[in-house]
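[1] give the three-dimensional model of this entry:
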Amino acid sequence: MGIITWLLIGLIAGIIAKVIMRDRFGWILTIILGIVGAFVGGWVSGMLGGPTVTGLNLMSILVAAVGAIIVLVVYGFFARR
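    Residues are numbered from 1 along each chain as shown. All right, here's what the predicted structure looks like:
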């Protein structure tokens, strides 16, 4: 999977996470955290034996969105301090 696909999936995951979390962060930061979340979601899901981010498909977007939500929650926890 190419870097452009990772960025696109991360962008979509960041937007989904922003809508779900209703965070106070800006769009740019949320999208960057969404890209990081795509990597985190793929890694966590792979470690648990589930599906990973394999391409531009619905399952990959859902895994990346869950990863983006995890990253947003962790970032929000540390940003509050």
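
[2] check contacts around V36.
    The neighbours of V36, taking CB atoms under 8 Å, 6 or more residues apart in numbering as the test, are 10, 67-68, 71. The C-beta positions use only the backbone N, C-alpha and C, and glycine is treated the same way.

[3] those in strands, which ones?
    Filtering the contacts of V36 for membership in strands, criterion DSSP state E, returns an empty set.

[4] who wins on neighbours among those residues?
    Neighbours were tallied for each of the contacts of V36 (criterion: other CB atoms under 10 Å), and the maximum of 32 neighbours falls on A68.

[5] model confidence for that residue, exactly?
    The predicted local confidence for A68 comes out at a pLDDT of 85.

[6] re the thing from before, list just the nearest of the contacts of V36 to L33.
    Nearest to L33, judged by CB to CB, of the contacts of V36 is V71 at 4.9 Å.

[7] ok so, going back, how about the contacts of V36 in JSON lines, adding distance to P51?
    Shown next, in JSON lines, are those (distance: CB to CB, whole Å):
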{"residue": "G10", "distance to P51": "17"}
{"residue": "G67", "distance to P51": "12"}
{"residue": "A68", "distance to P51": "16"}
{"residue": "V71", "distance to P51": "18"}
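
[8] just the residues you listed: which are in helices?
    If you go by DSSP state H, the contacts of V36 have 10, 67-68, 71 in helices.

[9] pull the most distant pair out of those residues.
    G10 and V71 (10.2 Å).

[10] mutual contacts of these two, please.
    Applying CB under 8 Å, 6+ apart, one finds that G10 and V71 are jointly contacted by 34, 36-37.

[11] any low-confidence regions in this structure?
    Across the chain, the ranges flagged by pLDDT under 70 are 1, 23, 52, 81.

[12] those strands in it, which residues are they?
    Taking DSSP E to define them, one finds no strands in the chain.

[13] that one: helices as residue ranges?
    Using DSSP H, the helices of the chain run over 3-21, 27-47, 58-80.

[14] the second one vs helix 58-80, what angle?
    Think helix 27-47. Our comparison of helix 27-47 with helix 58-80, counting by axes from the mean of the first three to the mean of the last three CA atoms, to 10 degrees, yields an angle of 120 degrees.
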